[in-house]
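[1] Requesting a structural model of the entry that follows:
(one chain, ligands or ions: 2)
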Amino acid sequence: MTDTIFALATAPGRAALAVVRVSGPEAERVLRVIARGAPTPRRATLRGLQGVEGKPIDKGLVLWFPGPSSYTGEDCAEFHLHGGIAVVDSLINALLDLGLRLAEPGEFTRRAFEHGKLDLVQAEAVADLIDAETAAQAMQAVRQLESPAMARWRERLIEALAYFEAAVDFPDEDLQTDTVEQARYTLRDVLREIRRGIGDAERGRRIREGYRIALIGAPNAGKSSLLNGLLGRDAAIVTATPGTTRDVIEAPLIIAGYKVLVADTAGVRDTDDEIEAEGVRRAEAWARDADLRVWVVDGSASDGSWRRAKLEIRAGDLCVLNKSDLPPGADAAGVLAEAEAAGMRILSLSVASAGADDVRSWLENRVIEVLAGGEAPAATRRRHRDGLLEAADQIEAALVQMEPELAVENLRLAIRALGRIVGSVNPEAVLDRVFATFCIGK
Ligand SMILES: Nc1nc2c(ncn2[C@@H]2O[C@H](COP(=O)(O)OP(=O)(O)OP(=O)(O)O)[C@@H](O)[C@H]2O)c(=O)[nH]1
Ligand SMILES: [Mg+2]
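    Ligands and ions are numbered 1, 2, ... in the order given. Below you'll find the model as predicted:
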């Protein structure tokens, strides 16, 4: 027997309106006590609201969603109140008096999932939509919510499995070739779509989590100056002392409508200082996982310090040859030659005198090039991608099996892999992890 839960669905604090939602078997009784009865289903109705002992709380809109046609699939009620702190408190106290329990984060959506209203990917999309900071993130989440690709692929595989099983059960010659041919056609088609989903998964993850840019280079090159220039505020300390930055300083930024995470890092050099050495280690680790490394180089230096980082240059990395206001040092020529040979793009500038606008517009082009275009990706998390890779392997294996009996085994495994993505075969722990990231009231 499930209990009845409630939560403030709007942000707490003083506001024009507050919405409190209730879900569970007691929802109708709650409406009887607080709003003198349940109104017509799904129709906003103005009612006087009162506490358990008849004390008036507010006058507001009441909605009644009898299950299963509700968000959670259970009986649900919604109260739209004036958004005053005391008003909301009185309603919450009345609900507690009625024996209701405050919902856990994500509990409404978890109940929706458990009642088959949403699959797990759609539930994740609900969380992503609430967390979205950019239009691109929101669009991707809406697409996932409205067009659940993984569930569709899984259904088509189940259909194909039925054909293969029929061929096994009724090994009549004609029937077998026809049905198996039809099933193979479906498999090839789904495989094509899954491969496209895998190809787009990295883009999906970057749109969702943010495109990660590491500023890396020798001490004093101007990394912190560049970070401050990009952000338009003094986020990191800039001094003439080499080794100023010790920690990784991560700052979110929106570039061309996409979420970007820029990290300023400790200047890389050999050092006996324990704290600085740890900073260097973290700098290299962050840069290794970044989507883009921006190598900041002091163009006036002559000590060869710029290549101390234990990182390989990747084609497509950016080299910012800084301090162009000073006479070029002996390093500059070597930097340019090496950067060009490695396929790096080079921007020569002075952050201190000209600011970071050139870098910003270069980054804008890069972000658009990498993240824009095409449909919103179907896979947005690592667990989606892992499941799709496994499903694709199994479908490929099924396609090369000559015996339907053996193809059936591979297909079952492919269906299982997709099932884990959409949540039809998940252990409790996975579900707990997914729903724990929600806010209360959703
Ligand atoms: N002349 C000149 N000085 C600059 C320029 N950019 C930065 N500087 C100076 O170089 C020094 C180091 O700058 P930071 O931004 O702290 O360098 P950093 O790479 O973060 O250094 P660490 O944190 O020590 O690794 C400061 O004194 C800056 O004012 C530039 O374009 N021209
Ligand atoms: Mg610094």
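[2] Which part of the stretch 201-350 of the chain gets nearest to ligand 1, residue-wise?
    Ranking the residues of the stretch 201-350 of the chain by distance to ligand 1 (C-beta to the nearest ligand atom) places residue 267 first, at 2.5 Å. Every residue, glycine included, has its C-beta placed from N, CA and C.
[3] Give the helix, strand or coil label for that residue.
    coil (DSSP: H, G, I helix; E, B strand; the rest coil).
[4] Can you read off the pLDDT for the closest residue to it other than its chain neighbours?
    Spatial nearest neighbour of residue 267, excluding adjacent residues (C-beta to C-beta, 6 or more residues apart in numbering): residue 219 at 2.9 Å. According to the prediction, residue 219 has pLDDT 95.
[5] Secondary structure element for residue 219, which one?
    Assigned by DSSP states H and E, residue 219 belongs to no helix or strand.
[6] Residue 437 against residue 106, yeah?
    Yes - using C-beta atoms under 8 Å, residue 437 makes contact with residue 106 at a distance of 7.2 Å.
[7] What is the neighbour count of residue 285?
    Applying other C-beta atoms under 10 Å, we find 14 residues neighbouring residue 285.
[8] can you tell me how far residue 335 sits from ligand 2?
    Residue 335 sits 19 Å away from ligand 2 when distances are taken as C-beta to the ion, to the nearest Å.
[9] cool, residue 171 as well?
    Taken as C-beta to the ion, the span from residue 171 to ligand 2 is 72 Å.
[10] list the contacts for the residue in the stretch 251-400 of the chain that ligand 2 sits nearest to?
    In the stretch 251-400 of the chain, the residue that lies nearest ligand 2 is residue 264 (5.9 Å; C-beta to the ion). Going by C-beta atoms under 8 Å, 6 or more residues apart in numbering, residue 264 touches 215, 223-224, 226-227, 235-236, 245, 248-249, 251.
[11] number of nearby residues for residue 180?
    Neighbours of residue 180 using other C-beta under 10 Å come to 18.
[12] thinking again about what came up before, what's the overlap in contacts for residue 437 and residue 106?
    With C-beta under 8 Å, 6+ apart as the test, residue 437 and residue 106 both reach residue 127.
[13] any idea what sits nearest residue 98, other than its immediate chain neighbours?
    residue 30 (5.8 Å).
[14] still on that earlier bit, could you check which of residue 437 and residue 106 has the larger neighbour count?
    More crowded of residue 437 and residue 106, by other C-beta under 10 Å: residue 106, with 24 against 12.
[15] Need the three-state assignment for the residue lying closest to that one once chain neighbours are set aside.
    Nearest in space to residue 106, with sequence neighbours left out and distances taken as C-beta to C-beta, 6+ apart, is residue 438 at 2.8 Å. What three-state DSSP gives for residue 438 is coil.
[16] Could you verify my assumption that residue 438 touches residue 103?
    No - between residue 438 and residue 103 there is no contact under C-beta under 8 Å: 9.8 Å.
[17] who's more crowded, the two?
    residue 103 (25 against 22).
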